[in-house]
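K.L.:
Sequence plus the predicted model coming up.
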There are 2 protein chains.
Amino acid sequence: MTQDEKFMLLAIEQAEKARELGEVPIGAVIVKDGEVVGTGFNRRETGKNALYHAEIIAIDDACRRLGGWRLWQCEMYVTMEPCPMCAGAIINSRIKRIVYGCCDMKAGSVKSVIDLFELPYNHKPVYEGGIMAEECSQMLSSFFRQLREKKKNPVDNIDTK
Amino acid sequence: MTQDEKFMLLAIEQAEKARELGEVPIGAVIVKDGEVVGTGFNRRETGKNALYHAEIIAIDDACRRLGGWRLWQCEMYVTMEPCPMCAGAIINSRIKRIVYGCCDMKAGSVKSVIDLFELPYNHKPVYEGGIMAEECSQMLSSFFRQLREKKKNPVDNIDTK
């Protein structure tokens, strides 16, 4: 297992925490010098907050733990391609490298809809997609399949709302 | 004075709070049905956090006050054109209309570097720039002028660091 896969597995563990809450399973970790300095998982619905994407929560965590807004020497591992808000937060926090799992055709802003990291902002993170993409993508499709089944059979839904 | 100018004046008051802390003076307010439901001002340096832009703090405030992540019926007034993180957060929170003051040639992501609101994301806010642009812009240039003067005369700088 490569270093990238090792840390992506930790991001997948974070995504699993989102799934347990009934949230779309997306997770992120931020790593500095081989140590995890920030973690986050999507909790937009339970947190009732548009900002609560995995990446934003992980950046907030890392800024608090490291005591500053510049995450120069940090890498982020996230299970799905970041949306424009999160890609922008990655630029603003000066994270040096991003590794993501599967693509997001609807809102992905590193490759799918646009590549924000190629525009002339004042920081350009290095990035790599497709690391453990299959695992990250299956976790999402299985979540949405279950959600559709629950909607078809509302009686099974009693404990989840 | 128009409604837009009235609310932009409140955003300028928020920016003034940033200036008092020695932060780049940028402010934002979120308005629903003519009432302010969220306020924020830039405090990236004193808050030691890359996420603490005026718009993000205002969206966080509005989600908390309104108790949900969808700010459908809300408008945002912000003194400077939003960066990609904040433009993305505006898309994610479904804010219906944005009014900004001056442009940001370096990171503005509604017009200057790119127009994120024109890309095929799942929400397209209506927006208008240039409202009280002169006031918003002068506040920034005066802040940076004073900063340069302080750097030239470090003895005057004792109370600010």
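P.N.:
Sure thing, it's come through.

K.L.:
what about residue A:23, how many residues close to it?
P.N.:
20 (other C-beta atoms under 10 Å in any protein chain shown). For every residue, glycine as well, the C-beta is placed using N, CA and C.

K.L.:
who's in contact with it?
P.N.:
Residue A:23 is in contact with A:41-46, counting by C-beta atoms under 8 Å, 6 or more residues apart in numbering or on different chains.

K.L.:
do the same with residue A:90
P.N.:
A:55, A:59, A:76, A:82, A:98, A:125.

K.L.:
before we move on, what about residue A:76?
P.N.:
Shown in contact with residue A:76 (C-beta under 8 Å, 6+ apart): A:28-31, A:55, A:58-59, A:90, A:95, A:97-99.

K.L.:
which one of these is nearest chain B?
P.N.:
Set against chain B, the nearest of the contacts of residue A:76 by C-beta to the nearest C-beta is residue A:59 (6.1 Å).

K.L.:
follow-up on the earlier one: widest-spaced pair of the contacts of residue A:76?
P.N.:
Greatest spatial distance in the contacts of residue A:76: A:59 and A:99, 15.0 Å, computed using C-beta to C-beta.

K.L.:
Neighbour count for the two, which is higher?
P.N.:
Comparing residue A:59 with residue A:99 by other C-beta under 10 Å, the one with more neighbours is residue A:59, at 29 against 23.

K.L.:
what about that one, helix or strand, and which?
P.N.:
Per DSSP states H and E: residue A:59 is located in helix A:54-66.

K.L.:
what's that helix in contact with?
P.N.:
Contacts with helix A:54-66, where a contact means C-beta under 8 Å, 6+ apart, come from A:11, A:14-15, A:18, A:26-30, A:32, A:37-43, A:69, A:71, A:74, A:76, A:78-79, A:82, A:85-86, A:89-90, A:93, A:95, B:48-51.

K.L.:
Can you flag which of those residues belong to helices?
P.N.:
Of the contacts of helix A:54-66, the ones assigned to helices by DSSP state H are A:11, A:14-15, A:18, A:85-86, A:89-90.

K.L.:
Tell me the spacing between residue A:28 and residue A:42.
P.N.:
Residue A:28 sits 9 Å away from residue A:42, going by C-beta to C-beta, to the nearest Å.

K.L.:
Between the two, which has more neighbouring residues?
P.N.:
With neighbours defined as other C-beta under 10 Å, residue A:28 and residue A:42 compare such that residue A:28 has more, 31 against 27.

K.L.:
Identify the bridge partners of the more buried one.
P.N.:
residue A:40, residue A:78 (DSSP bridges).

K.L.:
I figured residue A:13 hits residue A:27, correct?
P.N.:
Yes - with contacts counted by C-beta atoms under 8 Å, residue A:13 reaches residue A:27, the gap being 6.7 Å.

K.L.:
Looking at those two, which is more packed in?
P.N.:
Set side by side, residue A:13 and residue A:27 show more neighbours around residue A:27, with 30 against 14, by other C-beta under 10 Å.

K.L.:
contacting residues for the more buried one?
P.N.:
A:11-18, A:39-42, A:54, A:78-79.

K.L.:
Buried subset of those residues as a ChimeraX selection?
P.N.:
Selection of buried members from those for ChimeraX, criterion 16 or more other C-beta atoms under 10 Å in any protein chain shown:
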select /A:11,12,14,15,17,18,39,40,41,42,54,78,79
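
K.L.:
I'd like to know which of the contacts of residue A:27 is nearest to residue B:105.
P.N.:
Proximity of the contacts of residue A:27 to residue B:105 was ranked by C-beta to C-beta; the top entry is residue A:78 with 29.7 Å.

K.L.:
what about that closest one, distance to chain B?
P.N.:
Distance of residue A:78 to chain B, computed by C-beta to the nearest C-beta, to the nearest Å: 15 Å.

K.L.:
Also residue A:70?
P.N.:
Per C-beta to the nearest C-beta, residue A:70 is found 7 Å from chain B.
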